[in-house]
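**Student:** Sharing a model prediction with you, sequence too.
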Amino acid sequence: TIMNEKNESLAIELSSLDRRHLLHPSTNPKLQAETGPKLIFTGAEGIYLHDMSGQKYIDGVSMLWNVNLGHGNKELAKAAYDQMVNVAYASSFYGYANEPTVRLAEKIASLTPGDLNTVFFTSGGSESNDTAFKLSRFYWQLQGYTEKRTIISLKRGYHGVTVSAQRATGIEVYREFSGSTDPDIVNAKAHLTECELGDRSHPEYEGCIRSIIEKLGKDKIAAVIVEPIQGAGGVHIPPEGYLQAVRKLCDEFNIHLIADEVICGFGRTGKMFGVDHWDVVPDFMSIAKGITSGYIQLGGVVMREKIRDAFTSYDGMLAHGFTYSGHPAACAVGLKNIEILERDGLIEKARKLGEQLEKGLLYLEDKYEFVSGSRVKGLLAGFDLMKDSDKNIPFEESVKASVSVVDEAYQRGLLIRPFDFEPGMNIVAIAPPFITADNELERIINIVDDSLAAFSRKFMK
Ligand code: PLP
C-alpha cells in the first residue's frame, strides 16, 4: 500500500520522537533507537490492527494474550465512558467503596471454583503475584508461622517483572535482569513436564517441588506458584494429574497453592479458568489481562474463605494497596467484559475454535517434518520447530527458526509470537481473540502454512 504524504510525514515524525523519547518494554533498546518502531498502530477492529501505512494485520496472539474480545468493542468503551462521567476514580483505601468494584468482586467470586470468594484488586499481573506472595506470608504470620516466607516457582514460568514476580519467573533473561534479588523466592530448575512429582528417576528431579520442600523444610515455605498452562514460557500444558499432584503436595505440607491465571483466566483455554480443566482449587488465584480484554488495566488476587477469615480476624491495618486497587472505571469494564463473555457464549466459542486450530496444527505437523509438539487448549496454542523432531535435533542458533517463521507471517499480515530463550528452543505461539470467525481462523492457519513453506524453501534443503 502507498502511504499518502500526510501519513508519511506523520510516520517519520512519530518514529523520530519514539527513538528519542520512548524506552520500550521487552524490546532491544539499541535496535529501537536505530530503527524506530516496527509498527505504529492507528486503528483496530475485530481481529485486525491497522498501521500507519494502511497495512492490515491479523492479531494472532490477541496482542499480549489479553485482547480476548477483539479490538474496537464499543460496549467496553461505553462502560468505561459511562463510569468515567459518573465516578471516574474513587479510592478503596480507608474503607471507601464504589458500586462497580463491589459488584465485580461478587461476580468474580461467583465464577471462581470452590470457596475462592474474596478479591483484592490490583492493576495487573505482576502486582497480583506480588500481592499473592505478601498475603500468603501475612496469613502464615497470623497463624504464628513467622518463618513461612519462601515462594517456590517453576522453570519457564512467567509471573511478571516487579521484583518478586521477576524472581519467581523461571525465564533466565527476565529473572536475572538488573541483578535484582529476593532471597525468599526459589525457582525450581525443572519445568512442568520434567517435574512430575513421583518421578525420582528423572535427572532434574532434584529441582522439583517436593525435593525443595524437603530440603528447606515445610516451615520455611509459604506457597508454590504455577500457571495452569505456562504461557510466555512457550505454551506448556502440564501432564494429566500434575496440578492435582501439586495440590496434594501443598495440602500434605501445609503450603499455599497460587494459580497464576493471568493468561488462562476468563476463558482463554476454553473454560473460565485454567484450573477448571483439572478441578483444582488453589488457595490464591492471580488474575489480570482477560478480565477486561486489555481495554483498561486491572488485576486481582482471589483467595479462599479460610484466608479471608484470618484477615478479617486481624484487628489492624492491612498495609497493602495500590492507588488503583479497585479502580471504578476498570471494574466497570471488567463487569461488562464478563457480561459479554457469558451473553455471547464466547468461552464455548474459544473451546470450539481451539478444536479447529488443533486440526490445523496437526495438518501442519503432518505436512512439515520440522513442525512438532503442537498443543492447544481453547485459543492458547503453540508448536515446536526442530530440524529433526524424531531425533530431537534442534535448528542451529543462526537459523533463528521461530523468529524467521514469525517474520514470514508478519510479511503476510499475521502477528504471532516466537520463543527462543533457551538453547535449541524454537516455539511459535498462536492465541487469537475469541471473536475470530471460522474463516478467519482458517486464514490464520493458511498464513502459518505459507510461512512454514517459505521458511522451508530457505532453510530445509
Ligand atoms: N503472569 C502471567 C502468567 C503472565 O503471562 C503475565 C504477563 O504476561 C504476568 C503474570 C504479568 O502481568 P503484567 O504484565 O500485567 O504485570
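**Tutor:** Received it, and whenever you're ready, just let me know what you need.
**Student:** so which residue of the protein comes closest to the ligand?
**Tutor:** As assessed by CB to the nearest ligand atom, the ligand sits closest to residue 125 within the chain, at 2.2 Å. All C-beta atoms are positioned from the backbone trio N, CA, C, and that covers glycine.
**Student:** Which residue ranges of the stretch 101-250 of the chain form strands?
**Tutor:** Taking DSSP state E, counting those that start in this stretch as the test, the strands found in the stretch 101-250 of the chain are 116-122, 150-154, 185-188, 221-226.
**Student:** Which of the ones you listed sits closest to residue 141?
**Tutor:** Among the strands of the stretch 101-250 of the chain, strand 221-226 comes nearest to residue 141, with 9.6 Å by CB to CB.
**Student:** Just the buried residues of the closest one, please?
**Tutor:** Neighbour-count burial for strand 221-226 flags 221, 222, 223, 224, 225, 226 (criterion: 16 or more other CB atoms under 10 Å).
**Student:** so who does the residue nearest the centre of the chain touch?
**Tutor:** Centroid-nearest residue in the chain, with CA atoms, centre = their mean: residue 263, separated by 3.2 Å. By CB atoms under 8 Å, 6 or more residues apart in numbering, the contact list for residue 263 reads 65, 227, 229, 231, 232, 274, 289, 290, 380.
**Student:** quick one: it from residue 228, how far?
**Tutor:** Using CB to CB, to the nearest Å, residue 263 is found at 9 Å from residue 228.
**Student:** and the helix-or-strand element of the chain with minimal mean pLDDT, what other elements does it pack with?
**Tutor:** One helix or strand of the chain scores below all others by mean pLDDT, DSSP states H and E: helix 209-216, with a mean of 89. Contact here means 3 or more CB pairs under 8 Å, 6 or more residues apart in numbering; DSSP states H and E; on that basis helix 209-216 packs against strand 150-154, strand 185-188, strand 221-226, helix 242-253.
**Student:** isn't residue 125 right up against residue 288?
**Tutor:** Yes. If you go by CB atoms under 8 Å, residue 125 and residue 288 touch, sitting 3.9 Å apart.
**Student:** who's in contact with stretch 434-451?
**Tutor:** Contact with stretch 434-451 is made by 46-47, 58, 60, 68-70, 267, 341, 346-347, 349-350, 353, 356-357, 360-361, 363-364, 367, 379, 405-406, 408-409, 412-414, 416, 428, 430, 432, as judged by CB under 8 Å, 6+ apart.
**Student:** Check those for burial and list the buried ones.
**Tutor:** Buried, going by 16+ other CB under 10 Å: 46-47, 58, 60, 68-70, 267, 341, 346-347, 349-350, 353, 357, 360-361, 364, 379, 405-406, 408-409, 414, 416, 428, 430, 432, out of the contacts of stretch 434-451.
**Student:** Out of these, name the ones that lie in helices.
**Tutor:** Counted as lying in helices by DSSP state H, out of the buried ones among the contacts of stretch 434-451, are 341, 346-347, 349-350, 353, 357, 360-361, 364, 405-406, 408-409.
**Student:** For this structure, list the residues in contact with the ligand, please.
**Tutor:** Within the chain, the residues that sit near the ligand (CB under 6 Å from any ligand atom) are 64, 124-126, 129, 158-160, 227, 231-232, 260, 262-263, 288.
**Student:** Go again with 8 Å.
**Tutor:** Counting by CB under 8 Å from any ligand atom, the chain comes close to the ligand at 64-65, 123-129, 157-162, 165, 227, 230-232, 260-264, 286, 288-289, 297, 299.
**Student:** Just the buried ones out of those residues, please.
**Tutor:** With burial judged by 16+ other CB under 10 Å, the buried subset of these is 64-65, 123-129, 157-162, 165, 227, 230-232, 260-264, 286, 288-289, 297, 299.
**Student:** Thank you kindly, that will do.
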